[in-house]
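1. Let me see the structure of the following:
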Amino acid sequence: MAVKFIDKYTKDFVREHEMDAIKSQVLAAHKTVHEKSGLGNDFLGWLDLPQNYDKAEFEAIKKAAEKIRKNTEVFIVIGIGGSYLGARAAIEFIRSPMYNNLKKDTPDIYFAGNSISADYLNELLSICEGRDVSINVISKSGTTTEPAIAFRVFKKLLEDKYGKEGARERIFCTTDKARGTLKELSDREGYETFVVPDDVGGRYSVLTAVGLLPMAVAGIDLDAVMKGAQDAMKAFDNEDFDTNDCYRYAAMRNILYRKGKTTEIMVSYEPRFAMMNEWYKQLYGESEGKDNKGIFPASVIFSTDLHSMGQFIQDGTRNLFETVVNIKAPNKDFEIKAESENFDGLNFLAGKTVSEVNTKAFEGTILAHNEGGVPNIVLEIPKADEYEFGYLVYFFEKACAISGYILGINPFNQPGVEAYKKNMFALLGKPGYEDMQAELLKKLN
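-> Residues are numbered from 1 along each chain as shown. So this is what the prediction gives:
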């Protein structure tokens, strides 16, 4: 089992009969998901995606990635939210958070269109100077403000550098299969395109072309990723609550929520998990935060944040619980050597590995936080590689769907995301927003 659910450190907070009591709700949610009878059921394409993905497109993605790796030094991935977080999380989790600085035979990969920062955009352009560049713009519509601005900039850069014909060979679009501004432009200009499936929402899209093309460019084994997801799909497609760790995780977090634990802190002891934390926060925040309900998703990387957020977690407001993703083994360990002068007093660690020290930090912290009144769920995985990534992604996606239905919301829409966009368009003077602009300016002034 690639993800092991451990509830040992919740025993003082949740009794076994409480898990028994919520079981019927979990199984009802299972039925709702698999019968596709609940709210948002037209966005359940992720459910059997690991098995039923488009095999022809999968091969086309590999082929495009091979072409990009041969002629590209800097690969710019343009997208926001689910259109970039999954790919970036995969690259940092599987390869390294220092991927761009490693010696490698794959391009550097940078992400654009995920903010509206002039400084960030200018710095990224300076990185591209004198280097061969290709881009992958990811947008269902092609009109989302942040990525659309970035695409304008990098499309011009490529056309100025390589001409229209040359740029065409370096622009890859992941968009709607049939409609939308970006699809129309791609067809007109002859850009190679990949599909964002109609029935897969952005935050569930990492195992589609949205995440797979950047991952393949980074040299990640897509077959191993999909194998992990396939095995997770099979492992969690059952109603045996006592052995379905995905469902037990969903149940536990909902029991804790009902007891006033309204913040979930996702924890890892590996920096390579930092962007997985960000992906998790979007997945759960955008899925569950509705109708004045939901568990607030937060995150930390230990032991780094034990020297900052650790104080609050240990002694602060008791409205939180932790979910620790414990990666059992590093990809490569490091042995601590003895120092003749023992100037730092750490010779007692000589002969131990850094991962052993990290494990003791994990064990010591979980005991301290438990005693401080913080329940800890542990999700244990053997290591950080392609298979585990695919498995973990599916685990969190399905747990999110089950958890959302238990909570009584639509886990697949995001009505609140549109509010800021309307205000921004009005303030910028977009045609059709004139009355709203006057009203907002009054409030601001």
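2. C-alpha only now, for contacts and for neighbours.
-> OK.
3. longest helix of this structure?
-> Scanning the chain for the helix with the most residues, using DSSP state H, yields helix 145-168.
4. Would you map out the domains in the protein?
-> 4-37+228-407, 49-220 (automatic domain parsing).
5. Relative to F343, how far out is F334?
-> Separation of F334 from F343 (Cα to Cα, to the nearest Å): 20 Å.
6. ok, those two, which is more surrounded?
-> F334 (12 against 8; other Cα atoms under 10 Å).
7. Is it correct that that one is in contact with V354?
-> Yes: with contact defined as Cα atoms under 8 Å, F334 counts as touching V354 (5.6 Å).
8. Which strand or helix spans M266?
-> Take DSSP states H and E as the rule and M266 turns out to sit in strand 263-268.
9. which strands and helices sit next to that strand?
-> Helices and strands touching strand 263-268, by 3 or more Cα pairs under 8 Å, 6 or more residues apart in numbering; DSSP states H and E, are helix 274-288, strand 296-301, strand 320-327.
10. average pLDDT across the second one?
-> Pointing back at strand 296-301 there. Averaged over strand 296-301, pLDDT sits at 98.
11. ok, now which ones touch T174?
-> With contacts defined as Cα atoms under 8 Å, 6 or more residues apart in numbering, T174 is in contact with 136-140, 193-196, 209-210.
12. now swap in R272 and tell me
-> Shown in contact with R272 (Cα under 8 Å, 6+ apart): 92-94, 96-97.
13. Just give the number of residues close to the residue lying closest to it once chain neighbours are set aside.
-> Closest residue in space to R272, ignoring its immediate chain neighbours: F93 at 4.8 Å, by Cα to Cα, 6 or more residues apart in numbering. Using other Cα under 10 Å, F93 has 23 other residues around it.
14. residue ranges of the strands in this structure, please?
-> Secondary structure of the chain (DSSP state E): strands at 4-6, 74-78, 108-112, 133-138, 171-175, 192-195, 263-268, 296-301, 320-327, 376-381.
15. Parallel or antiparallel, list what pairs with the fifth one.
-> The one in question is strand 171-175. strand 133-138 (parallel), strand 192-195 (parallel) (DSSP bridges).
16. Make JSON lines out of those strands and add mean pLDDT.
-> Below are those laid out as JSON lines (pLDDT from 0 to 100):
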{"stretch": "strand 133-138", "mean pLDDT": "98"}
{"stretch": "strand 192-195", "mean pLDDT": "97"}
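17. Restricting to C-alpha, output stretch 434-445 in PDB.
-> The C-alpha coordinates for stretch 434-445 follow below in PDB (Å, rounded to 0.1, in the frame of the first residue of the first chain):
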ATOM      1  CA  GLU A 434     -19.300  50.900 -16.300                       C
ATOM      2  CA  ASP A 435     -22.000  51.100 -13.700                       C
ATOM      3  CA  MET A 436     -20.200  48.700 -11.400                       C
ATOM      4  CA  GLN A 437     -17.000  50.700 -11.900                       C
ATOM      5  CA  ALA A 438     -18.600  53.900 -10.600                       C
ATOM      6  CA  GLU A 439     -20.100  52.000  -7.600                       C
ATOM      7  CA  LEU A 440     -16.700  50.500  -6.700                       C
ATOM      8  CA  LEU A 441     -14.800  53.700  -7.100                       C
ATOM      9  CA  LYS A 442     -17.200  55.300  -4.600                       C
ATOM     10  CA  LYS A 443     -16.400  52.600  -2.100                       C
ATOM     11  CA  LEU A 444     -12.700  52.900  -2.600                       C
ATOM     12  CA  ASN A 445     -12.600  56.700  -2.400                       C
END
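18. Tell me what the residue lying closest to F154 once chain neighbours are set aside is bridged to.
-> Excluding the flanking residues, the one nearest F154 by Cα to Cα, 6+ apart is I135, at 7.6 Å. As for beta bridges, I135 partners with I76, I171 under DSSP bridges.
19. ok, I135 - how many residues close by?
-> Using other Cα under 10 Å, I135 is surrounded by 27 other residues.
20. ok, now how distant is it from L158?
-> Counting by Cα to Cα, the gap from I135 to L158 is 9 Å.
21. what residues are shared contacts of those two?
-> Listed as contacting both I135 and L158 by Cα under 8 Å, 6+ apart are R170.
22. Quick one: residues contacting I149.
-> Residues counted as contacts of I149 (Cα under 8 Å, 6+ apart) are G113.
23. per-residue confidence for it?
-> Here, the pLDDT recorded for I149 equals 96.
24. quick one: it from S287, how far?
-> 27 Å.
25. same check, this time on F75
-> In this view, F75 and S287 are 30 Å apart by Cα to Cα.
26. which of these two has more neighbours?
-> Applying other Cα under 10 Å to F75 and S287 shows that F75 carries more neighbours, namely 24 against 21.
27. what's the distance between that one and F172?
-> In this structure, F75 and F172 are 11 Å apart, going by Cα to Cα.
28. any residues in contact with both of those two?
-> With Cα under 8 Å, 6+ apart, F75 and F172 have common neighbours 135-136.
29. residues contacting T143?
-> Remark: with contacts taken as Cα under 8 Å, 6+ apart, T143 is in contact with 181-182.
30. From here on, call the first residue 19.
-> Fine by me, first position is 19 from now on; the one you just mentioned is T161.
31. Just the pLDDT for it.
-> With respect to pLDDT, T161 scores 86.
32. Quick check: it vs L203, distance?
-> Per Cα to Cα, T161 is found 12 Å from L203.
33. Next: G131.
-> According to Cα to Cα, G131 stands 18 Å off from L203.
34. Which one of these two is surrounded by more residues?
-> Set G131 next to L203 and count neighbours by other Cα under 10 Å: G131 wins out with 26 against 13.
35. I'm done for today, thanks for sticking with me.
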